[in-house]
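Colleague: my questions are about this predicted structure, shown below with the sequence.
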Amino acid sequence: MRSILAAFLVACGGTTPPAPAPPEPFVAPAPTPSSPSAAELYAECGEAVEGPSSPGECTSDADCATVGCSGEMCVTTAVAQSGVMTPCLERPCHAVLDRCGCVDGMCSWSLKSP
């Protein structure tokens, strides 16, 4: 009987418990993307918020005005009086627009500081 029990224990792996499973490898979490800067947001829709412009179109901020459904375009007062229509879209880049004015002789937006 002892020989049968000994054979059974040897066949079943004896009395040694099974080895523990290896630990799971460490996987670093994916980095979270940083928020785009004001300049990056502005670059996404610069053409949609700046009207056609040419050097020397303004000499002061009074020569510039905002137009469009959301007031998102910065153009000369002459262009503004002609009645510019734009689609009513709310874009992330609109949140960084600060002030429409004359910059280097052209009507343009200044961007909000972070």
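Modeller: Yep, it's here.

Colleague: rest of the way, CA atoms for contacts and neighbours
Modeller: Will do.

Colleague: identify all contacting residues around the lengthiest helix in the chain.
Modeller: When secondary structure is assigned using DSSP state H, the longest helix within the chain turns out to be helix 38-49. Under the criterion Cα atoms under 8 Å, 6 or more residues apart in numbering, residues 72-74, 92-94, 96-97, 111-114 lie in contact with helix 38-49.

Colleague: at 6 Å what do you get?
Modeller: The contact list for helix 38-49, computed with Cα atoms under 6 Å, 6 or more residues apart in numbering, reads 72-73, 93, 96.

Colleague: need those in JSON lines (columns: secondary structure).
Modeller: JSON lines is the format used below for these (DSSP: H, G, I helix; E, B strand; the rest coil):
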{"residue": "E72", "secondary structure": "coil"}
{"residue": "M73", "secondary structure": "strand"}
{"residue": "C93", "secondary structure": "helix"}
{"residue": "V96", "secondary structure": "helix"}
